[in-house]
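> Need a 3D model of the following:
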Amino acid sequence: MSEKIKVLAFAGSLRKGSFNKALIRAAVDVAPENVAIEVFDLEGMPLFNQDLEATPPQKVKEFKEKIRAADALLIATPEYNFSIPGVLKNAIDCASRPKTDTPLEGKPVAIMSASTGRFGGARAQYQLRQSFIFLNMQPVNRPEVMLSDASHNIDADGNITNEQTRQLIRQLLEALAALTIKLKQQ
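Okay, here's the model as predicted:
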């Protein structure tokens with residue numbers, strides 16, 4: 001595969017100073033040469049309403065089109081109450097419906113997370129993987145990028161100061177690119 005792998009990246013947080021948005025920015029900075037990352041902001045995504053499946057709101061249509069056009073996805077998720085945030089769950093629900101028009105089927109995906117806690121969003125990642133099973137997505141299993149104590153590893157300008165995390169993000173993108181190429185060759 002000689003052309004760049006198109007990755008759509010989004011964070012499951014709406015906060016301007018989001019640690020998970022900082023992970024996405026770092027991914028853009030450290031992306032391998034064969035990976036082009038487009039960032040999508042979930043701000044303004046309406047709540048999923050099954051009555052609107054046939055005629056989804058514009059933001060949902062745009063999100064689904066971006067997913068469809070991407071070769072792979074990169075998701076950064078916070079962890080709220082041992083789980084994924086509502087904004088991220090809602091976005092996945094919007095993109096996955098109706099089942100006959102989901103761009104998520106078979107899509108390669110990588111996850112990363114940042115948290116102020118000790119586990120770095122691990123539980124949210126594992127719950128997100130459960131959704132991927134049902135949606136028949138293809139997740140990258142390793143490396144796992146879980147930045148704990150994020151408030152001490154991201155500076156006031158939103159830059160990741162932990163060099164090991166930056167290296168893991170690059171390795172995650174390399175693994176996502178390799179998986180995407182492998183799946184395209186099948």
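
> Is it correct that Ala36 falls within a strand?
Yes - assessed by DSSP: H, G, I helix; E, B strand; the rest coil, Ala36 belongs to a strand.

> List the contacts of it.
By Cβ atoms under 8 Å, 6 or more residues apart in numbering, the residues touching Ala36 are 4-7. (Each C-beta comes from the backbone N, C-alpha and C, glycine too.)

> again, only using 10 Å
3-7, 28, 70-71 (Cβ atoms under 10 Å, 6 or more residues apart in numbering).

> Distance check, the residue lying farthest from the centre of the chain against Pro57.
Farthest-out residue of the chain from its mean C-alpha position, per Cα atoms, centre = their mean: Asp51, at 26.5 Å. Using Cβ to Cβ, to the nearest Å, one gets 11 Å for the distance from Asp51 to Pro57.

> now swap in Lys182 and tell me
35 Å.

> which of these two has more neighbours?
Pro57 (15 against 12; other Cβ atoms under 10 Å).

> Nearest spatial neighbour of that one, chain-adjacent residues omitted?
Pro46 (4.9 Å; Cβ to Cβ, 6 or more residues apart in numbering).

> Check which residues of whichever strand or helix holds Val87 are buried.
Using DSSP states H and E, Val87 maps to helix 86-96. Going by neighbour count (16 or more other Cβ atoms under 10 Å), the buried part of helix 86-96 is 87-96.

> just curious, which of those residues is nearest to Gly121?
Leu88 (11.2 Å; Cβ to Cβ).

> Just confirm the closest one contacts Ala11, I think it does.
Yes - Leu88 lies in contact with Ala11 (Cβ atoms under 10 Å); the separation is 8.1 Å.

> Show me whatever sits in contact with both of the two.
In contact with both Leu88 and Ala11: 20, 42, 75-78, using Cβ under 10 Å, 6+ apart.

> give me the number of residues near Lys64?
19.

> Check the gap between it and Asp71 for me.
In terms of Cβ to Cβ, Lys64 sits 15 Å off from Asp71.

> Can you name the residues that contact Ile5?
So Ile5 contacts 31-32, 34-37, 70-72, 108, 173, 176-181, 184 (Cβ under 10 Å, 6+ apart).

> now the residues you listed: which count as buried?
Using 16+ other Cβ under 10 Å, the buried members of the contacts of Ile5 are 31, 34-35, 37, 70-72, 108, 173, 176-177, 179-180.
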